[in-house]
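Asker: Give the three-dimensional model of this entry:
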Amino acid sequence: MVVLVVHRREGVGADVEAGKATFESESGTFQSDGEALFATDGAFSQVRSRMQRRDRFNYEQEYIDHGYKELHIPPAADGSHQLEREALHIWPRGKHMLIALPNPDGSFTCTLFFPMEGEESFASLQSISEARSFFLTQFRDAIDWMPDFDAQWEANPVSSLVIIRCSPWNVGGKTLLFGDASHAIVPFYGQGMNSGFEDCQWLDESLEEFGDHLDQAFPHFAQKRKPHADAIAELAMRNFVEMRDLTAQPEFLLQKKIEARFSALYPGKWMPLYSQVTFSHIPYADALAAGQRQDRIMDQIMAKEEITEAWDNPEIMDEILSLCK
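Answerer: Predicted coordinates for the structure are as follows:
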């Protein structure tokens, strides 16, 4: 079996019914000669655009209200990290947030997630002085670590965030979409690349089952995998709300403390949703369903009048255990 993989910007055309792609090189245009076409050419896939012209192809492109701009905190003079390096740093502000992720060289990559339009938005920050004033008000400690803030703000672009959903992912056994081409998501769970790797794993399982019968393996993979791609898209948006808003609320932090305590006592009964998604092989849709069940349990626990003072009492742990059954 010979399969052609199309990456972003390489292909200039595709015949999805035949599983062929057309390419452009220095010596001219040529067509692929494989048996099938795997399209991994990103959220704005050229191959998918061909599939969208087919009958009964469902496609949804959703830009969220927020965009992002990257900034940079340099290392300290001695090369060390100026913030705690073993942490994701979040400045939650309700409708927007700043995050900082550590790099091996002692620096931090910061990202401002901010509405694209509105009273407080990228559109409202029309000058560097307005942006600096905004940061001095909202993120004073962060801007103190950015000596070249003005230059960064001017040089670094504002980018949009898009979610892509579509179906089917395949045309018979000839063309198959992978990764962002079939299910682009927002970055708030850090699962974009991982979900693409999981696509490969799940397809491999379908190929093991159906062998060279691509007309069976492709639709089997696509139908089995899509619910989990939809789930991680929802999970990523849920985590965005948690990061930018809920992490600043004492009740939410208390709930997470209770969940962590119960999980430590009964690891077989409770795994925090974040751990399910990030540190396990639990499929995304199963993790989402488990997280929703856990939310319903915690809604009951957090409604108790005495929960703030009595959260670590054995009776509370016993009640959670009973609700898990």
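Asker: for the protein, what's the longest helix?
Answerer: If you go by DSSP state H, the chain has its longest helix at helix 214-244.
Asker: Give the rounded mean pLDDT of that one.
Answerer: Across helix 214-244, the average pLDDT comes to 97.
Asker: got it, and stretch 160-173?
Answerer: Averaging pLDDT along stretch 160-173 yields 98.
Asker: Can you show me the CA trace of the host helix or strand of Ser206 as PDB?
Answerer: Per DSSP states H and E, Ser206 falls inside helix 192-210. Extracted as PDB, the C-alpha positions of helix 192-210 are listed here (Å, rounded to 0.1, in the frame of the first residue of the first chain):
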ATOM      1  CA  GLY A 192      -3.800  20.100  19.600                       C
ATOM      2  CA  MET A 193      -0.600  18.100  18.700                       C
ATOM      3  CA  ASN A 194      -1.500  15.200  21.000                       C
ATOM      4  CA  SER A 195      -4.900  14.800  19.400                       C
ATOM      5  CA  GLY A 196      -3.200  14.600  16.000                       C
ATOM      6  CA  PHE A 197      -0.900  11.900  17.300                       C
ATOM      7  CA  GLU A 198      -3.900  10.000  18.700                       C
ATOM      8  CA  ASP A 199      -5.500  10.100  15.300                       C
ATOM      9  CA  CYS A 200      -2.500   8.200  14.000                       C
ATOM     10  CA  GLN A 201      -2.800   5.600  16.800                       C
ATOM     11  CA  TRP A 202      -6.500   5.100  16.300                       C
ATOM     12  CA  LEU A 203      -6.100   4.800  12.500                       C
ATOM     13  CA  ASP A 204      -3.300   2.300  13.100                       C
ATOM     14  CA  GLU A 205      -5.800   0.200  15.100                       C
ATOM     15  CA  SER A 206      -8.400   0.400  12.200                       C
ATOM     16  CA  LEU A 207      -5.700  -0.700   9.700                       C
ATOM     17  CA  GLU A 208      -4.800  -3.600  12.000                       C
ATOM     18  CA  GLU A 209      -8.500  -4.600  11.900                       C
ATOM     19  CA  PHE A 210      -9.200  -4.100   8.200                       C
END
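Asker: any idea of the angle it forms with helix 214-244?
Answerer: Interaxial angle, helix 192-210 versus helix 214-244 (axes from the mean of the first three to the mean of the last three C-alpha atoms, to 10 degrees): 150 degrees.
Asker: which other helices and strands contact helix 192-210?
Answerer: Applying 3 or more C-beta pairs under 8 Å, 6 or more residues apart in numbering; DSSP states H and E, we find helix 192-210 packed against helix 180-183, helix 214-244. C-beta: built from backbone N, CA, C; applies to glycine.
Asker: Would you mind listing the buried residues in it?
Answerer: Gly192, Ser195, Gly196, Glu198, Asp199, Trp202, Leu203, Ser206, Leu207, Phe210 (16 or more other C-beta atoms under 10 Å).
Asker: Likewise for stretch 312-322?
Answerer: Under 16+ other C-beta under 10 Å, the buried positions of stretch 312-322 are Ile316, Met317, Glu319, Ile320.
Asker: So Glu60 belongs to a strand, correct?
Answerer: Yes - counting by DSSP: H, G, I helix; E, B strand; the rest coil, Glu60 is located in a strand.
Asker: who's in contact with it?
Answerer: Glu60 makes contacts with Ile163, Ile164, Arg165, Cys166, as judged by C-beta atoms under 8 Å, 6 or more residues apart in numbering.
Asker: Inside strands: which ones of those residues?
Answerer: Ile163, Ile164, Arg165, Cys166 (DSSP state E).
Asker: Dump the residues you listed into JSON lines; add distance to Pro272 as well.
Answerer: Formatted as JSON lines, the ones in strands among the contacts of Glu60 follow (distance: C-beta to C-beta, whole Å):
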{"residue": "Ile163", "distance to Pro272": "24"}
{"residue": "Ile164", "distance to Pro272": "28"}
{"residue": "Arg165", "distance to Pro272": "27"}
{"residue": "Cys166", "distance to Pro272": "31"}
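Asker: quick revisit: among the helices and strands packed on helix 192-210, which is the most enclosed?
Answerer: helix 180-183 (a mean of 26; mean count of other C-beta atoms under 10 Å).
Asker: of all the ones in strands among the contacts of Glu60, which two lie farthest apart?
Answerer: Greatest spatial distance among the ones in strands among the contacts of Glu60 (C-beta to C-beta): Ile163 and Cys166, at 10.9 Å.
Asker: What are the contacting residues of the helix holding Ser206?
Answerer: Contacts to helix 192-210, defined as C-beta under 8 Å, 6+ apart, come from residues 40, 176, 178-180, 182-185, 216-218, 220-221, 224-225, 228-229, 232, 284.
Asker: Ok, stretch 70-89 next?
Answerer: Residues from elsewhere that reach stretch 70-89 (C-beta under 8 Å, 6+ apart): 99-102, 105-112, 142, 145-147, 149, 152-153, 156.
Asker: if we go to 10 Å?
Answerer: 98-112, 135, 139, 141-149, 152-153, 156-159, 190, 243 (C-beta atoms under 10 Å, 6 or more residues apart in numbering).
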